[in-house]
Structures are given as C-alpha cells and as structure tokens.
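S.K.: need coordinates for the following:
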Amino acid sequence: MEALIKFVQDEFVTKKEFAEFSAGDTITVYYEIKEGEKVRTQFFRGVVIQRKGTGLSETFTIRKISGTVGVERIFPVNLPSIQKIEVNKRGKVRRARIFYFRGLTGKKARITERRR
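M.R.: Next up is the predicted model:
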C-alpha cells in the first residue's frame with residue numbers, strides 16, 4: 001500500500017523546488033492571500049522550529065515575535081499558494097525540533113549563524 005501511495009505522489013503531484021532549509025534557519029515565506037476577488041502576496045518571516053513528515057504531508061513550523069507575542073504558523077511544503085521561500089540566515093542548532101525556543105526571551109533567544 002505504501003508503495004502505491006509513493007508511486008501516485010511521484011507521478012501525479014507536482015513538487016515545487018524551494019531553497020533547502022532546516023530547523024534554526026530564519027526564512028521568509030511569500031504566499032498568496034485571497035480576499036474576495038482580490039489576490040495579494042503576504043510574507044511571514046521567522047525561525048524554523050521543525051520540519052515534519054515526508055512527501056505530500058511534509059510541513060514546517062515557523063515562529064516569529066510580533067510585538068511581545070510569539071506567533072507560530074504551520075505551512076505544508078506543497079501548499080499551492082506558496083510563491084517562494086527565501087533563506088535569510090542559517091542557524092546553528094543541535095536538534096531537529098527546537099521547541100525549547102518557545103520559552104526563551106531576549107538575548108537567550110538568539111541563534112548563532114552557521115559558518116559556510
């Protein structure tokens with residue numbers, strides 16, 4: 001059954017090519033929002049907390065601070081309304097899912113940049 005699902009995903013679903021990113025990276029996601037008849041582009045910039053799943057069901061979670069409130073948003077990788085993903089900074093973290101980042105504030109919430 002799993003082989004059949006994988007075959008259908010590979011053959012019939014078009015995957016978009018985005019920049020490679022992982023947990024700890026600061027990225028900007030540009031996506032379309034439909035408001036009635038109008039369509040506009042909005043962006044969401046923040047730190048990637050996790051990447052989860054494989055294939056069609058792969059998602060990633062981004063966290064940003066808006067004012068004094070932390071805002072998290074989950075994006076499916078294959079969302080048709082995503083136009084592009086830019087990687088602003090590569091972060092150096094030791095875990096694949098950095099949920100401890102939610103509890104950090106101020107200077108402790110900084111992530112060091114990965115050297116190239």
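S.K.: what about the strands in this structure?
M.R.: With strands called from DSSP state E, the chain shows them at 26-35, 38-52, 59-66, 69-76, 82-89.
S.K.: can you show me the CA trace of the helix or strand of the chain with the lowest mean pLDDT as PDB?
M.R.: None of the helices or strands of the chain scores lower by mean pLDDT, DSSP states H and E than helix 2-12, at a mean of 77. Provided in PDB are the C-alpha atoms of helix 2-12 (Å, rounded to 0.1, in the frame of the first residue of the first chain):
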ATOM      1  CA  GLU A   2       2.800   2.400   0.900                       C
ATOM      2  CA  ALA A   3       4.500   1.700  -2.400                       C
ATOM      3  CA  LEU A   4       1.300   2.600  -4.300                       C
ATOM      4  CA  ILE A   5       0.900   5.900  -2.400                       C
ATOM      5  CA  LYS A   6       4.500   6.800  -3.100                       C
ATOM      6  CA  PHE A   7       4.100   6.000  -6.800                       C
ATOM      7  CA  VAL A   8       1.000   8.200  -7.100                       C
ATOM      8  CA  GLN A   9       2.800  11.000  -5.300                       C
ATOM      9  CA  ASP A  10       5.800  10.800  -7.500                       C
ATOM     10  CA  GLU A  11       3.800  10.600 -10.800                       C
ATOM     11  CA  PHE A  12       0.900  12.900 -10.300                       C
END
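S.K.: report the central residue of the protein.
M.R.: With distances taken as Cα atoms, centre = their mean, residue 60 lies nearest the centre of the chain, 4.1 Å away.
S.K.: contact partners for the residue nearest to residue 83 when sequence neighbours are not counted?
M.R.: Excluding the flanking residues, the one nearest residue 83 by Cβ to Cβ, 6 or more residues apart in numbering is residue 30, at 4.5 Å. No exception for glycine: its C-beta is placed from N, CA and C like everyone else's. Counting by Cβ atoms under 8 Å, 6 or more residues apart in numbering, residue 30 touches 41-43, 82-86.
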